[in-house]
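Undergrad: Sequence and predicted structure, then a few things I'm wondering about:
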Amino acid sequence: MDYKTDGKDILLCQADFDLDQTLDCGQAFRWEKTADNTYSGAFLNKKLDISCENGKDVFRLHDTTEEDFLSVWADYFDLATDYSELKKRFSEDETLSKACKYASGIRILRQDSWEALSSFIISQNNNIPRIKGIIGRLCEHCGGYPAWQELTGETEESLAYLRAGFRAKYLVDAVQKIQSGAINLEKIRSMDIESARKLLQTIKGVGPKVAECALLFGFYRTEAFPIDVWVKRVMANWYPNGLPECTRGCEGIAQQYLFHYIRTSEEAAASIK
């Protein structure tokens, strides 16, 4: 990680990082593209504008202290992980090699566990503009993304302003289970993955996909493997017997490369049966 302060900004030199591929790929819903190569968003209610400069590998984090960069944003953008080494490892597999070259700047965002879990509860059977709208109304009403403690006592009716439909009662159930101690978000980070999956799915409305997304993006459980219609196509066409050994322990990161590849690449589309 190579960075320097530049007035009130941080200039970061970082390989294997593309703003579009990382911030607009469906893993987080509070980022908006505000100009060419610039995004505005927030994490833990700290706001940030980030731009890519000189076309590649140089990023400006606007109006950010060095303390916030080191304590918040470096971890959030997973800057300590060597994605070059991961891509080298994944490229032992022919299809993953193509996917890594095609979407070489994807990084996993290390999000807050509650924000990720609740965001993906909101995301189910929904499209990204509507998801962002619901989350935007939640943040506007609460003055930022609310911790689960701020939502205790809420009901499906009191959350009507979200216009979230059936998802409101699932948010209420998630808060109640955390408040009661039935769900301990911190313990999910360290428990075995199968137990974590089962525990999250005790929340009403949380099925396998939402649980896997929460685990990957909210708990940095990189062995989690969200499966949607696109990833089903990936598995049916290229990995009917399961992912290759080179992805072991990092299946979720491999999934991000494959998801972007099959969804947007003409090469991938041409190879699908």
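TA: Now that the structure is in, tell me what you want to look at.
Undergrad: Give me the distance between stretch 46-62 and the centre of its chain.
TA: 19 Å (C-alpha atoms, centre = their mean, to the nearest Å).
Undergrad: From the rest of the structure, what touches that stretch?
TA: With C-beta atoms under 8 Å, 6 or more residues apart in numbering as the test, stretch 46-62 has contacts from 6, 8-15, 17-19, 34-35, 37-42, 63-64, 68-69, 72-73. C-beta: built from backbone N, CA, C; applies to glycine.
Undergrad: Can you say which of those are buried?
TA: For the contacts of stretch 46-62, a burial check counting by 16 or more other C-beta atoms under 10 Å picks out 9-10, 12, 14, 17-19, 37-41, 64, 69, 72-73.
Undergrad: circling back: just the contacts of stretch 46-62: which are in helices?
TA: 19, 68 (DSSP state H).
Undergrad: Among the contacts of stretch 46-62, which ones are in strands?
TA: 6, 9-13, 34-35, 38-42 (DSSP state E).
Undergrad: Can you report how many residues lie near the nearest residue to A164 once chain neighbours are set aside?
TA: Leaving aside its chain neighbours, A164 sits nearest to I134 (5.0 Å; criterion: C-beta to C-beta, 6 or more residues apart in numbering). A count of nearby residues for I134, using other C-beta atoms under 10 Å, gives 24.
Undergrad: Show me which residues of whichever strand or helix holds I134 are buried.
TA: Element membership for I134 (DSSP states H and E) is helix 128-142. For helix 128-142, burial by neighbour count (16+ other C-beta under 10 Å) applies to 131-135, 138.
Undergrad: cool, and stretch 211-223?
TA: By 16+ other C-beta under 10 Å, the buried positions in stretch 211-223 come out as 211-222.
Undergrad: of the residues you listed, closest to W238?
TA: E212 (19.1 Å; C-beta to C-beta).
Undergrad: before we move on, which element is that closest one in?
TA: For E212, the host element (DSSP H and E) is helix 208-218.
Undergrad: quick one, strands of the protein?
TA: 2-6, 9-13, 32-35, 38-43, 46-53, 58-62.
Undergrad: where does the stretch 1-150 of the chain have low pLDDT?
TA: By pLDDT under 70, the low-scoring segments of the stretch 1-150 of the chain are 55.
Undergrad: Closest one of the buried residues of stretch 211-223 to S91?
TA: T222 (17.4 Å).
Undergrad: for that closest one, what are its contacts?
TA: Applying C-beta under 8 Å, 6+ apart to T222 gives the contacts 108, 216, 249-253.
Undergrad: Could you rerun that using 10 Å?
TA: T222 makes contact with 78, 81, 86, 108, 215-216, 247, 249-255, according to C-beta atoms under 10 Å, 6 or more residues apart in numbering.
Undergrad: Could you give me the ChimeraX syntax to select whichever of the residues you listed are buried?
TA: Per 16+ other C-beta under 10 Å, the buried members of these correspond to this ChimeraX selection:
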select :78,81,86,108,215,216,247,250,251,252,253,254,255
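Undergrad: for the stretch 151-273 of the chain, what spans make up the helices?
TA: 167-180, 185-188, 193-200, 208-218, 229-238, 251-264, 266-271 (DSSP state H, counting those that start in this stretch).
Undergrad: In a markdown table, list those helices along with distance to E115.
TA: What follows is the helices of the stretch 151-273 of the chain, written out as a markdown table (distance: least, C-beta to C-beta, whole Å):
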| stretch | distance to E115 |
| --- | --- |
| helix 167-180 | 12 |
| helix 185-188 | 11 |
| helix 193-200 | 15 |
| helix 208-218 | 7 |
| helix 229-238 | 23 |
| helix 251-264 | 18 |
| helix 266-271 | 31 |
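Undergrad: Same list, those helices, but as a markdown table with mean pLDDT and distance to Q124 please.
TA: Formatted as a markdown table, those follow (pLDDT from 0 to 100; distance: least, C-beta to C-beta, whole Å):
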| stretch | mean pLDDT | distance to Q124 |
| --- | --- | --- |
| helix 167-180 | 98 | 7 |
| helix 185-188 | 96 | 19 |
| helix 193-200 | 98 | 13 |
| helix 208-218 | 97 | 6 |
| helix 229-238 | 94 | 13 |
| helix 251-264 | 95 | 17 |
| helix 266-271 | 82 | 26 |
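Undergrad: re earlier: how far does the helix holding E212 sit from its chain's centre?
TA: 9 Å.
Undergrad: next one: stretch 260-273
TA: 22 Å.
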